[in-house]
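Colleague: sequence first, then the predicted structure, then my questions.
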Amino acid sequence: MFFNNKQFYKGVTFMELLVVIAIIGIMGSVGLVSLQSSKLDARLKAAQGELVASIRLAQSYALQGKTQDGAAPCGYGFRFASQTDYSIFYRTPDAGGCNPASPRHNAESFVLKDGVQIDPADVNQEIYFTVPFGNISGSGIGDFVLTHPNADNKTVTVNNVGNVVEN
């Protein structure tokens, strides 16, 4: 009689299991890096949308001739006070009437979130819309560049006729 001492096992070896786990780990880490990049882009895109909405809100207030505490403002503007803090403001007439030296009053304040900042060169830049037609007063046109470490910049442009564009 012949006896067959060879036994056949069904399944995988420990080495094969380690190789599969290593491959899954590598694929997972590549996916997480890609996801992190998309997450940063989404943060910048959301901040860009909020910025555009705020500028358009200031423009809308000027077009409506919105009053503040019973006073009729000369116009509404938008400006960054720091790299993360921005606001909608309005000016009321002074003894000289409505002019760029008229007092500035804060209407609404906002803060950029999730580590998004404005380029330092854009701090104190103003966009100002006059009442009642929402025309841009002064040079007040330009770009606001949003930045975040390890992500591409996003830009919000306001042109000389008041169009607000996301770039």
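Modeller: Sure thing, it's come through.
Colleague: and V164, how far from G142?
Modeller: Distance, V164 to G142, using Cβ to Cβ, to the nearest Å: 11 Å. For every residue, glycine as well, the C-beta is placed using N, CA and C.
Colleague: what about the strands in the chain?
Modeller: Ranges of strands in the chain, per DSSP state E, are 75-80, 85-91, 104-111, 117-118, 126-130, 142-147, 154-158, 164-166.
Colleague: looking at these, which is buried most?
Modeller: Burial of the strands of the chain is given as mean neighbour count (mean count of other Cβ atoms under 10 Å); strand 75-80 ranks first at a mean of 25.
Colleague: could you give the mean pLDDT of it?
Modeller: Averaging pLDDT along strand 75-80 gives 91.
Colleague: so, low pLDDT: which residues of this protein?
Modeller: Where the chain drops to pLDDT under 70, the residues are 1-6, 8-9, 138-140.
Colleague: coming back round to it: dump the strands of the chain into TSV; add distance to V30 as well.
Modeller: Output for the strands of the chain, formatted as TSV (distance: least, Cβ to Cβ, whole Å):
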stretch	distance to V30
strand 75-80	37
strand 85-91	37
strand 104-111	34
strand 117-118	29
strand 126-130	42
strand 142-147	26
strand 154-158	25
strand 164-166	30
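Colleague: nearest to L51, of these?
Modeller: When these are compared by Cβ to Cβ, strand 154-158 sits nearest L51, at 5.0 Å.
Colleague: report the inter-axis angle for that closest one versus strand 126-130.
Modeller: On the basis of axes from the mean of the first three to the mean of the last three Cα atoms, to 10 degrees, strand 154-158 is oriented at 30 degrees to strand 126-130.
Colleague: partners of strand 154-158 in the sheet?
Modeller: Using DSSP bridges, strand 154-158 pairs in its sheet with strand 142-147 (antiparallel), strand 164-166 (antiparallel).
Colleague: relative to the whole chain's centre, how far out is it?
Modeller: Distance of strand 154-158 from its chain centroid, counting by Cα atoms, centre = their mean, to the nearest Å, is 10 Å.
Colleague: just the CA atoms of that strand, as PDB, please.
Modeller: Provided in PDB are the C-alpha atoms of strand 154-158 (Å, rounded to 0.1, in the frame of the first residue of the first chain):
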ATOM      1  CA  LYS A 154      -8.500  81.400  -5.200                       C
ATOM      2  CA  THR A 155      -9.200  84.900  -6.300                       C
ATOM      3  CA  VAL A 156     -12.300  87.100  -6.100                       C
ATOM      4  CA  THR A 157     -12.200  90.000  -8.600                       C
ATOM      5  CA  VAL A 158     -14.400  93.100  -8.600                       C
END
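Colleague: what distance do you get for the closest residue to L63 other than its chain neighbours to V116?
Modeller: Computed as Cβ to Cβ, 6 or more residues apart in numbering, the closest residue to L63 that is not its neighbour in sequence is G134, at 4.2 Å. For G134, the distance to V116 equals 27 Å [Cβ to Cβ].
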